[in-house]
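J.: when you get a sec, could you give me coordinates for this:
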Amino acid sequence: MRSTTPRIDVVPAATPAASQVFTTVLSHGPLTRIEISRRTALSSAAVTKAVRPLMAAGYLVEGVDEEARPSLGRPATLVRVDGGRALFIGVKVTGDEIIAVLTDLCCRIRVARHLPVADRDPGAVLASISGLVQELLTEAEGFGVEVRGLGLAVSGDVDRAAGVVRYSPFLDWRDVPLAELASTVTGLPVTVDNDVRALTVAEQWFGAGAGISDFALVTVGAGIGCGLVVHGKVVSGAHGVAGEIGHLPIDPLGPPCHCGNTGCVEAIAGDAAIIRRVREVTGAPVADSAAALDLAHRGDPGAREAYARAGEAIGRAIGAVVNVLGPQRVIISGEGLAAYDLFAEQIRDAFTASAFGTAAQCDVMTRPLPFEEWARGAAATAIQSFIGIDTYKELR
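T.: Numbers count the residues shown, from 1 in each chain. The predicted model follows:
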């Protein structure tokens, strides 16, 4: 473990136009300058002004499209991000496992590592993170490119600006200055964010949200989370907890939630809640989600009822999001999709019943994403910080 002062490096994308151009090329490139102008609604002169410093620094490159057919005239000159110009590390921390990835500037995963969590104490987890980071820094030497940033993704209430995990229920952390601690032991600039928001960034840039100005990412599993993109910006809210649909109370007579409220979506549809419900209604001593899922798939009516109840809660929560924000698309992901066949109908029916008017036309789709993709989301937040891009907004 090393202790150094973190090096602060940023790309010259300080203006909104430069940020817009870079993210557009990152998500949709390679593109001609005319295409960049069309996608960003910037003038040709503004695109040229934005591109110039990014090219001078080597983060954007321009070249002829070698695949263009000669019969079409001069080959197109395309602008693209030089993914090999820098490397980043992304880490997703769960209650059971730490997943770390090494990515390039285009957020393509080059190396991945997994490590079980034996002790959830912040110090123990930090030591494990540091060990994984050191392994990936060694791997990075083989690419001959520096690692420019570290992104950490943790569930719960995370203050990205302060780098503090205010409360993570699955880790039982409160007020942990994770960015400062991780910077000290790794020597890297560190960005810490809520894991669902980090995954939302990756989906916005490279996934099912690319090119969509308004969408929501709903994650189901140990918790019920929601990342929101409004007018092209990831919404964090004035207090950093926008999108916490898991703690939307939908049943005043429902079970208590660990947040202190009653009948929250997570208290009905989270993994632990489903397991408890299956035990209550079946009397079976199911130990974990896999056992509950197996019981339901074998046709046990009580187990199937527990999943149906969870699906209804999730569908109502999605309906609330669509009614309030009117996104074009809702993406459902998370490890809980393993049970999707058991509650898909209830999600759809509850969403349709609760969505107001034409809001029911919202495209609701599923997208299974392994935890390595969540770690990739953490790397994406590190790339944001490095490039000086602010894709977040507050709703006040």
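J.: low-confidence ranges, the stretch 1-150 of the chain, go.
T.: In the predicted model of the stretch 1-150 of the chain, residues 1-14, 65-74 satisfy pLDDT under 70.
J.: L126: which element?
T.: helix 122-141 (DSSP states H and E).
J.: which other residues reach that helix?
T.: Helix 122-141 is contacted by residues 1-2, 87, 89, 91, 93, 98, 100-102, 110-111, 113, 115, 117-119, 146-147, 150, 152, 171, 173, 176, 178, 181-182, 185-186, 188 when judged by CB atoms under 8 Å, 6 or more residues apart in numbering. For the C-beta atoms, the positions are set from N, CA and C on the backbone; glycine is no exception.
J.: now, of those residues, which are buried?
T.: By neighbour count, with 16 or more other CB atoms under 10 Å, the contacts of helix 122-141 hold 87, 89, 91, 93, 98, 100-102, 110-111, 113, 115, 117, 147, 150, 152, 171, 173, 176, 178, 181-182, 185-186, 188 as buried.
J.: so of those, which ones are in strands?
T.: 87, 89, 91, 93, 98, 100-102, 110-111, 113, 115, 147, 150, 152, 173, 176 (DSSP state E).
J.: just the helices in the stretch 201-350 of the chain please.
T.: Counting by DSSP state H, counting those that start in this stretch, one finds helices in the stretch 201-350 of the chain at the ranges 265-269, 271-282, 289-297, 301-325, 340-354.
J.: compute the inter-axis angle for the longest one and helix 340-354.
T.: Taking axes from the mean of the first three to the mean of the last three CA atoms, to 10 degrees, one finds helix 301-325 and helix 340-354 inclined to each other by 40 degrees.
J.: mind listing what's buried in helix 301-325?
T.: 302-304, 306-322, 325.
J.: how about A179, what does it touch?
T.: Contacts of A179 (CB under 8 Å, 6+ apart): L152, A162, G163, V164, V190, T191, V192.
J.: take those and write them to CSV, including distance to T40.
T.: CSV is the format used below for these (distance: CB to CB, whole Å):
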residue, distance to T40
L152, 31
A162, 31
G163, 31
V164, 34
V190, 30
T191, 25
V192, 30
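J.: which among those count as buried?
T.: L152, G163, V164, V190, T191, V192.
J.: who are the contact partners of the second one?
T.: G163 makes contact with P177, L178, A179, E180, V190, T191, V192 under the criterion CB under 8 Å, 6+ apart.
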